[in-house]
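Undergrad: with the sequence up front, the predicted model follows.
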Amino acid sequence: MKVTTPRLTQHVETVEGRTDGEPVLFVHGNVSSSAFWLDIMAALPAGLRPLAVDLRGFGGTDPAPVDASRGLRDFSDDLLELVDALGLSGVHLVGWSLGGGVVLQALRERPAAFRSVTLVAPISPYGFGGTEGPDGRLTHADGTGAGAGAANPDFVDRLRRGDLSDEAPTSPRSVFRASYVAAPVADEDRYVRSMLTTHVGEANYPGDAATSAAWPGVAPGKQGVLNAIAPTRVRLDDLHAIDPKPPILWIRGAADVIVSDTSLFDLAHLGALGVLPGSPGTPAQPMVAQTRAVLDRYGRYREVVLDSCGHSPHLERPADFVRLLAEHVREA
């Protein structure tokens, strides 16, 4: 269904006949859409009302520009307006990857609106790239190493062209197989086609690129998705100060190569591996350790690590995922 709010028109997936019960609102990750949640939504137990939204610039939602100077707030403000437009209360929020950051930003803005939060392989509370240590300190003041300039240009071009092939390591299908999941999953075509709904451009994905005098020569720009999650724009390390504090479930895969303390999408780690030449020895961003440090201060959370699982526990281990989510919602 389509829901129009003052900010934009959003596409929301629902399950036929499930119009009552406690709302469970799913938020997808980068280069994906609500289609990644459909099987989980259908498998939720009775008494819950599943909904999944497409973020701006993804799926069927308007490709409204992303103002990176606001960090994740364009996305979280859209989400909060959707909650208001649908008259939802006591919402159980579920956010994957980029969506995990959006969910935490919404929680920070309006904690009383949410009964529970589930984070699925979320980005660090300090954004993606350009930081060191569990406290998320900036490697360089301008966020060098993060932003749209860190995106692979051939991957971006193949997204733009709607490439469904596996002819190159940078095709969306190849990236899905190598990075989104640790082993093959059913319905791969659905997920690759979902990736191709990403609106490509300077105002959306990946955003406008900027340069830096420091290695590796890129810094966050002013608009677009990857600039919105740059460490100069995202700072979610004060969650311990919100009130009330709904319980948080953190689910991640042990074999995740995207959100990791040694992420293959972190330019600093690629430099350490010798993939990118000229590295001055900048350490990798410890994404998992940073999330754990912030949640330790928050206090009310549980971390679950799934073995032999990559970046997408809801696709790779759906039965375990539904069980964990249902238990968490029931306890909340």
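TA: Done, it's in.

Undergrad: ok, which stretches of the stretch 151-300 of the chain are strands?
TA: Counting by DSSP state E, counting those that start in this stretch, the stretch 151-300 of the chain has strands at residues 200-201, 205-206, 210-211, 218-219, 248-253.

Undergrad: can you tell me the closest non-neighbouring residue to the residue nearest the centre of the chain?
TA: In the chain, the residue lying closest to the centroid (CA atoms, centre = their mean) is Leu98, at 1.5 Å. Excluding its sequence neighbours, the residue lying closest to Leu98 (CB to CB, 6 or more residues apart in numbering) is Asn30, at 4.1 Å. All C-beta spots, glycine's among them, are computed from the backbone N, C-alpha and C.

Undergrad: wouldn't that neighbour be in contact with Ser97 here?
TA: Yes: between Asn30 and Ser97 there is a contact at 6.0 Å, judged by CB atoms under 8 Å.

Undergrad: how much space separates the residue of the chain positioned farthest from its centre from Gly149?
TA: Distance from the C-alpha centroid of the chain peaks at Gly278, with 29.7 Å (CA atoms, centre = their mean). Noted for Gly278: a distance of 15 Å to Gly149, by CB to CB, to the nearest Å.

Undergrad: related to what we said a few turns ago, kindly reformat the strands of the stretch 151-300 of the chain as CSV containing mean pLDDT.
TA: As requested, the strands of the stretch 151-300 of the chain are exported to CSV (pLDDT from 0 to 100):
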stretch, mean pLDDT
strand 200-201, 98
strand 205-206, 98
strand 210-211, 96
strand 218-219, 97
strand 248-253, 98
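
Undergrad: which among the ones you listed is found nearest to Ala43?
TA: Comparing those against Ala43 with CB to CB, the closest turns out to be strand 248-253 (15.2 Å).

Undergrad: list the contacts of the closest one.
TA: Strand 248-253 has contacts (CB atoms under 8 Å, 6 or more residues apart in numbering) with 116-122, 182, 259, 288, 291, 295, 298, 300-306, 308-313, 316-317, 321, 324-325, 328.

Undergrad: filter these down to the buried ones, PyMOL style.
TA: Those of those that count as buried under 16 or more other CB atoms under 10 Å are selected in PyMOL with:
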select buried, resi 116+117+118+119+120+121+122+182+259+288+291+295+298+301+306+309+310+311+312+313+316+317+321+324+325+328
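
Undergrad: tell me the contacts of the residue nearest to Leu98?
TA: Counted by CB under 8 Å, 6+ apart, Asn30 has contacts Ser97, Leu98, Tyr205, Val225, Ile229.

Undergrad: against Ile229, how distant is the closest residue to the fourth one other than its chain neighbours?
TA: If the residues on either side of it in the chain are set aside, Val225 comes closest to Tyr205, at 4.7 Å by CB to CB, 6+ apart. For Tyr205, the distance to Ile229 equals 11 Å [CB to CB].

Undergrad: more neighbours, those two?
TA: Ile229 (29 against 23; other CB atoms under 10 Å).

Undergrad: you'd agree the more buried one is up against Gly127?
TA: Yes: counting by CB under 8 Å, Ile229 does reach Gly127; the two are 4.9 Å apart.

Undergrad: quick check: neighbours shared by those two?
TA: Here Ile229 and Gly127 have Gly71, Gly101, Ala146 as joint contacts, going by CB under 8 Å, 6+ apart.

Undergrad: and the second one, what element?
TA: Here Gly101, judged by DSSP states H and E, is contained in helix 98-109.

Undergrad: what helices and strands are in contact with that helix?
TA: If you count contacts as 3 or more CB pairs under 8 Å, 6 or more residues apart in numbering; DSSP states H and E, helix 98-109 packs onto strand 22-27, helix 73-85, strand 91-96, strand 114-120.

Undergrad: mind running it again at 10 Å?
TA: Contacts defined by 3 or more CB pairs under 10 Å, 6 or more residues apart in numbering; DSSP states H and E place helix 98-109 against strand 22-27, strand 48-53, helix 73-85, strand 91-96, strand 114-120, helix 225-228, strand 248-253, helix 287-298.

Undergrad: let me see the ranges of the helices in the stretch 151-300 of the chain.
TA: 153-161, 172-175, 188-195, 225-228, 267-272, 287-298 (DSSP state H, counting those that start in this stretch).

Undergrad: circling back: give me the distance between the residue farthest from the centre of the chain and Ala272.
TA: Separation of Gly278 from Ala272 (CB to CB) stands at 12 Å.

Undergrad: do the same with Ala151
TA: According to CB to CB, Ala151 stands 20 Å off from Ala272.

Undergrad: have a look at these two and say which one is more surrounded.
TA: It is Ala151, of Ala151 and Ala272, that has more neighbours when counted by other CB under 10 Å, with 20 against 16.

Undergrad: what about Ser165, neighbour count?
TA: Neighbours around Ser165, by other CB under 10 Å: 11.

Undergrad: that one contacts Leu196, correct?
TA: No: counting by CB atoms under 10 Å, Ser165 sits too far from Leu196 to count as a contact (11.6 Å).

Undergrad: find residues that contact each of those two.
TA: Shared contacts of Ser165 and Leu196, defined by CB atoms under 10 Å, 6 or more residues apart in numbering, are found at Arg158, Pro172, Arg173.
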